[in-house]
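Trainee: Build me a structure from this.
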Amino acid sequence: MKTFEYRIYVNKQQRSLLLQCLQESRIMYNEMLEMVKKQYEEKGTFPSKYDLEMAFRGRGEHVAATTIQCLADRLTKALKRFLACKALGITCGFPRFKKPNHWHSLQLRQYGNEKNHRDVMLASDNKHVFVPKKLGGLLKIKLHRPMEGTPKTAHLVLRADGHWYILIVCETVPHTEHSPSTCDHADIGMDVGLKSFLTDSEGNTIENPRYYRSSQRTLRRKQRQLSRCKKGSHRKRKAARNVAKTHLKISRQRRDHHSKVAKKYTGRYHHMVVEDLQITNMVKNHHVSKSIYDAGWGQFLDILTCKAASAGHEVIRVNPRYTSQKCFQCGEIVQKSLSVRTHICPHCGYIADRDVNAAKNLLKSFLAGAPPSEANVHQ
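Mentor: Residues are numbered from 1 along each chain as shown. Below you'll find the model as predicted:
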């Protein structure tokens, strides 16, 4: 599955219809959740997805019928996740009522074509998209790149910048540029960090851009303005949107950086060996948690895996234990704190950058046939 995001341009009437649908769908979801809680308190059971659909069928002046089905499906999945976590003993909260600032998307279940018009369909001129009349009928779209695969569903999303976007989910046929068995590209070890975003086993480093850190001054000023505004006022809503715009810009900058770095490596190397990082445990250290979130290691590794699969290459995650402490040349353990950035081995005299030594150890463990971590070989 692959998702394509496009900007849509709406007039005042269409914007009004979309916002009304967004508001009504949120209220309807909260009413469904209230119905679930009430039945659970009275009978100790949850209503099924079909029961929720039947209870709210035909309700909502601006909500499409399939959107109601999607709301019931969304709540049912949330309940299943809650029960699954509870059965495993994992701390997980019960589904909560949604506030307006936590509800920004509308799902349209069925994508159609010229012969079979469903909820959403791209017009033949590739400049407009058909949606239910309750949502504006015909919306202008900027198709900046062609879609791939077979479209299945679509989401209408209101971003923090005030613009509407359509996310079309397509079912794609897996394909690669070449077969992995016939690939003649080299292998490489990659170590992600905070001082430098990425260091590979060939000694190349990529600077950590620190987008959140560089925007903290702007965020601090905008958040002070937000805190001074009166609760519930128009100015407070405007100030909140201003803060959200800055966060949206930071997330887009970070994702763009991750995509460019991933593309650089996935086109040149066959096996990319990285650490199997337990990021949820690492961020419990409050001294470095903000920097770890700012670097976005998890998102980068996901993008790297996706792009590697398209190129016919592999991302392999191995156990990161002692990769920074072990000497690449002689294999002895050299204890050092995080502040020590240079590896100096007292046994063999090998001197290298700490991250380069770790990247070489990652590649060495893979070439030596070390077993990868569970479910961490991606093709």
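
Trainee: Tell me the gap between the host helix or strand of I68 and the middle of its chain.
Mentor: Per DSSP states H and E: I68 is located in helix 65-88. Relative to the chain's own centre, helix 65-88 is displaced by 20 Å; criterion: Cα atoms, centre = their mean, to the nearest Å.

Trainee: how about it as CSV, C-alpha atoms only?
Mentor: Below are the C-alpha coordinates for helix 65-88, written out as CSV (Å, rounded to 0.1, in the frame of the first residue of the first chain):
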residue,chain,number,x,y,z
ALA,A,65,-22.9,7.4,4.8
THR,A,66,-19.6,5.7,4.3
THR,A,67,-17.9,8.2,6.6
ILE,A,68,-20.3,6.9,9.4
GLN,A,69,-19.1,3.4,8.6
CYS,A,70,-15.5,4.5,8.9
LEU,A,71,-16.2,6.1,12.2
ALA,A,72,-17.7,2.9,13.6
ASP,A,73,-14.7,0.9,12.1
ARG,A,74,-12.3,3.4,13.7
LEU,A,75,-13.8,3.1,17.2
THR,A,76,-14.1,-0.7,16.9
LYS,A,77,-10.4,-1.0,16.0
ALA,A,78,-9.5,1.3,19.0
LEU,A,79,-11.5,-1.0,21.3
LYS,A,80,-9.7,-4.1,19.9
ARG,A,81,-6.3,-2.5,20.5
PHE,A,82,-7.3,-1.6,24.0
LEU,A,83,-8.5,-5.2,24.8
ALA,A,84,-5.4,-6.7,23.2
CYS,A,85,-3.0,-4.5,25.3
LYS,A,86,-5.0,-5.3,28.4
ALA,A,87,-4.7,-9.0,27.7
LEU,A,88,-0.9,-8.7,27.3
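
Trainee: what's in contact with it?
Mentor: Under the criterion Cβ atoms under 8 Å, 6 or more residues apart in numbering, residues 21, 25, 28-29, 32-33, 36, 46, 48-49, 52-53, 56-57, 59-60, 91-95, 106-110, 119 lie in contact with helix 65-88. Any C-beta I mention is one placed from the backbone N, CA and C, and that applies to glycine too.

Trainee: out of the residues you listed, which are buried?
Mentor: Among the contacts of helix 65-88, those classed as buried by 16 or more other Cβ atoms under 10 Å are 21, 25, 28-29, 32-33, 36, 46, 49, 52-53, 56, 60, 95, 106-110, 119.

Trainee: Does the residue nearest to R241 when sequence neighbours are not counted belong to a helix, a strand or coil?
Mentor: Leaving aside its sequence neighbours, R241 sits nearest to A160 (Cβ to Cβ, 6 or more residues apart in numbering; 6.6 Å). For A160, the assignment made with DSSP: H, G, I helix; E, B strand; the rest coil gives coil.

Trainee: One more: G369?
Mentor: Applying three-state DSSP: G369 is coil.

Trainee: Likewise for G93?
Mentor: coil.

Trainee: so how far is I68 from the nearest residue in space to it that is not next to it in sequence?
Mentor: Nearest non-adjacent residue to G93, counting by Cβ to Cβ, 6+ apart: F82, 7.7 Å away. According to Cβ to Cβ, to the nearest Å, F82 and I68 sit 22 Å apart.

Trainee: who has more neighbours, these two?
Mentor: Using other Cβ atoms under 10 Å as the criterion, F82 and I68 rank with I68 on top: 23 against 15.

Trainee: how far away is the more buried one from K134?
Mentor: For I68, the distance to K134 - Cβ to Cβ - is 11 Å.

Trainee: Looks to me like Y50 is in a helix.
Mentor: Yes. Under three-state DSSP, Y50 sits within a helix.
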